[in-house]
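**Q** Sequence below, structure please.
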Amino acid sequence: MEQEKKRKSSSWYRQLHHWKLTIEHTLSDPVSLKKAANCGYSKKVLENAKSLHQEIVDLDQLKKVAYGRKYAATDACNQSKAILHKVYMRHLSLARIIFKHDRGTLEKLSANGKRKTALADWLSDIRKFYFSAINEVDIKTAFKRKGIDEEELKKGIELAEEVESLNQTQKKLTEEAIDTTFNRDEKINELKNWFLEFNATTKIVGRDIQIKNDSVIALSKTIHS
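**A** Residues are numbered from 1 along each chain as shown. You can find the predicted model right below:
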């Protein structure tokens, strides 16, 4: 909640709110509307700007939803990777003990050397390990003697496929989140440029709003004094 308040008090949120107030004031005040129209900003133009403001608000909500989905996918992927890592390392450690004097089998299992850090390489090693463990009779038999049957080895493959699938989902949702942010920011810049031109062309409208706001504040102080 506190983070949400800070976010909404950030610079562009304040600007967006100011733009909205200015547009709404101009539309609701006949004098300001007439002055704006004389400067080339008809009621329709102002209503279009107001619609653009609402579009930004809607896109911002879409961005929040997109990032929420991205974060959920990231958490799910990380959790799946942690489970796979635990299962794989137990089987890998056992294989290194069983075949410590059999370099050929260790090579088949991709059990030599350091573990890969890149996800694609790590998953490739895992698939190679379980493919050999399931399809090489001697390796499968050796695992079975240690209480690791074929179904458990197949589970390792299934977990690797799950991680790959969740990783692809995470990438897709990350791209969607980036796209929604880009689309929102494009609209913000569009409205910002429109407002700067509007404000420069119809400065008197802005002064009218400030005078009106000052009058409201002064009246409020008088009432409460």
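**Q** The closest residue to Y41 other than its chain neighbours - how many residues pack around it?
**A** Ranked by CB to CB, 6 or more residues apart in numbering and with sequence neighbours excluded, the top spatial neighbour of Y41 is F198, at 6.1 Å. Glycine gets a C-beta too; all of them are placed from N, C-alpha and C. For F198, the neighbour count with other CB atoms under 10 Å is 24.
**Q** ok, F198 - contacts?
**A** 36, 41, 49 (CB atoms under 8 Å, 6 or more residues apart in numbering).
**Q** I'd like the average pLDDT over the strand or helix carrying it.
**A** Using DSSP states H and E, the element containing F198 is helix 150-201. Helix 150-201 comes out with an average pLDDT of 94.
**Q** What of stretch 31-45?
**A** pLDDT averaged over stretch 31-45 gives 92.
**Q** about what we covered before: secondary structure and neighbour count added to the contacts of F198, as CSV?
**A** As requested, the contacts of F198 are exported to CSV (DSSP: H, G, I helix; E, B strand; the rest coil; neighbours: other CB atoms under 10 Å):
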residue, secondary structure, neighbour count
A36, helix, 23
Y41, coil, 21
A49, helix, 21
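**Q** Let me know the distance separating the nearest residue to L62 once chain neighbours are set aside from S51.
**A** Leaving aside its chain neighbours, L62 sits nearest to T180 (5.0 Å; criterion: CB to CB, 6+ apart). T180 sits 19 Å away from S51 when distances are taken as CB to CB, to the nearest Å.
**Q** Then T141?
**A** As judged by CB to CB, T141 and S51 stand 71 Å apart.
**Q** circling back: which residue of T180 and S51 possesses the greater neighbour count?
**A** T180 (19 against 11).
**Q** pLDDT averaged over the helix or strand hosting R14 - what is it?
**A** Assigned by DSSP H and E, R14 belongs to helix 11-28. Helix 11-28 shows a mean pLDDT of 89.
**Q** List the contacts of the nearest residue to S42 once chain neighbours are set aside.
**A** With sequence-adjacent residues excluded and distances taken as CB to CB, 6+ apart, S42 is closest to A36, at 7.9 Å. A36 makes contact with 26, 42, 46, 198, 202, 205, according to CB under 8 Å, 6+ apart.
**Q** which residues touch stretch 93-104?
**A** Contacts of stretch 93-104 (CB under 8 Å, 6+ apart): 105-106, 109, 111-112, 129, 133, 139, 142-143, 146, 148.
**Q** Return the member of these nearest to Y71.
**A** Nearest to Y71 among the contacts of stretch 93-104: F129, at 30.9 Å, using CB to CB.
**Q** The residue nearest to the closest one when sequence neighbours are not counted: neighbour count?
**A** Nearest non-adjacent residue to F129, counting by CB to CB, 6+ apart: L109, 4.9 Å away. By other CB under 10 Å, the residues close to L109 number 24.
**Q** tell me the pLDDT at L109?
**A** pLDDT at L109 comes out at 92.
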